[in-house]
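Colleague: Need the 3D shape of this:
(one chain, ligands or ions: 1)
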Amino acid sequence: MEIGQRLPPHSPDCAGCGPGNPAGLGLEVVRTAAGVEAVHRFSDAQVGAPGIAHGGAVALAFDDLFGFALYTVGSLAVTRSLTIEYHAPFWLHRPYTFSAHVAQREGRRLLLRADAWDDAGQKAGSAAATFVVVSLGHFAAGAEQVMGRDD
Ligand SMILES: CCCCCCCCCCCC(=O)SCCNC(=O)CCNC(=O)[C@H](O)C(C)(C)COP(=O)(O)OP(=O)(O)OC[C@H]1O[C@@H](n2cnc3c(N)ncnc32)[C@H](O)[C@@H]1OP(=O)(O)O
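Modeller: Reported below is the predicted structural model:
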């Protein structure tokens, strides 16, 4: 992976980054020297209080970006805990730069950190997460369910 390279979505319909999910954020994520980055504008579909992105949508952006930071260490892992600090409102339609990296690895645990800045350079949020490394088999049951559905 080269610096500046666009990274592939987790799945076509991923709520964070899938281009085929009209209800998703559609994050576009690139590799950076330290980790990964995405510039994102929250839309009316992610509103909480008027004019402000819902905190859950902001958490989704952080969580999904952490999922991309995994590419930098080549491990398959899932979120076990996620903590968000909301420093300022995330205004709808304004660009925010989200940046994440893997800070530490202890056995199966990956500790990840992220920040988000507005277009004036003010920090709007930060996040920390513990991801736990899993095997590909962790995703098998969900994939089988999707393939067996006929609705
Ligand atoms: C097709 C490809 C697509 C790939 C797609 C990738 C997409 C990423 C998308 C974004 C991320 C997501 O949405 S992920 C989806 C949301 N998350 C999930 O669905 C996860 C649900 N939870 C689980 O399935 C499970 O709890 C696991 C797998 C996370 C862990 O279960 P486990 O395997 O039994 O492991 P467990 O023993 O409990 O814990 C493992 C180690 O972590 C430590 N540990 C546990 N909790 C914590 C904690 N809060 N903080 C610190 N450390 C902790 C334990 O002490 C232990 O340490 P030690 O004894 O080893 O030292």
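Colleague: Is Thr130 bridged to anything, and to what?
Modeller: On the basis of DSSP bridges, Thr130 is bridged to Ser81, Leu111.
Colleague: From Val102, how far out is it?
Modeller: In this view, Thr130 and Val102 are 11 Å apart by C-beta to C-beta, to the nearest Å. Using the backbone N, CA and C atoms, a C-beta is placed for each residue, glycine as well.
Colleague: Those two: which has the busier surroundings?
Modeller: Val102 (22 against 18; other C-beta atoms under 10 Å).
Colleague: Is the residue nearest to Ile52 when sequence neighbours are not counted in a helix, a strand, or coil?
Modeller: Distance criterion C-beta to C-beta, 6 or more residues apart in numbering; nearest residue to Ile52, sequence neighbours excluded, is Pro89 at 4.5 Å. Classification of Pro89 using DSSP: H, G, I helix; E, B strand; the rest coil returns coil.
Colleague: Make sure I have this right: Phe139 is in a helix.
Modeller: Yes - counting by three-state DSSP, Phe139 falls inside a helix.
Colleague: From the contact counts, what lies against whichever strand or helix holds Val146?
Modeller: Using DSSP states H and E, Val146 maps to helix 140-148. Helix 140-148 sits against no helix or strand, with contacts defined as 3 or more C-beta pairs under 8 Å, 6 or more residues apart in numbering; DSSP states H and E.
Colleague: Please determine whether that helix lies in contact with the ligand.
Modeller: No - using C-beta under 6 Å from any ligand atom, helix 140-148 stays clear of the ligand, with a minimum separation of 7.1 Å.
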